[in-house]
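**Student:** Let's see this in three dimensions:
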Amino acid sequence: FNEYRLAVEASMLRLLDSLSAADLDREAEWFRGPPAPIASRLQTVFIHHAMGHCGEISAIKGMQGLKGLPM
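**Tutor:** Numbers count the residues shown, from 1 in each chain. Predicted coordinates:
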């Protein structure tokens, strides 16, 4: 699994490195909301993805009787 993760990470980093400023500034349609720059959409996707994992981890910790989020 870790080898697969590393391969996916390397592939994603190559893709992101290949994007120019013009690529990131280009507006694209999304399934919700008006067209927006691709850079903005990528930020949203990455942030929501990380937040989802934080919620999942907190829920699992809570089911085990541990403190979920450090609040």
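**Student:** in what helix or strand does the residue most central in space within the chain lie?
**Tutor:** In the chain, the residue lying closest to the centroid (C-alpha atoms, centre = their mean) is Phe46, at 2.0 Å. Using DSSP states H and E, Phe46 falls within helix 38-63.
**Student:** so what does that helix touch, helix or strand wise?
**Tutor:** Applying 3 or more C-beta pairs under 8 Å, 6 or more residues apart in numbering; DSSP states H and E, we find helix 38-63 packed against helix 21-25, strand 27-28. The C-beta positions use only the backbone N, C-alpha and C, and glycine is treated the same way.
**Student:** one more time with 6 Å, if that's ok
**Tutor:** Applying 3 or more C-beta pairs under 6 Å, 6 or more residues apart in numbering; DSSP states H and E, we find helix 38-63 packed against no helix or strand.
**Student:** Off-centre distance for that helix?
**Tutor:** Here the centre of mass of C-alpha atoms in helix 38-63, compared against the chain's by C-alpha atoms, centre = their mean, to the nearest Å, lies 7 Å away.
**Student:** Can you list the buried residues in it?
**Tutor:** Counting neighbours by 16 or more other C-beta atoms under 10 Å, one finds that the buried residues in helix 38-63 are Ile38, Arg41, Ser58.
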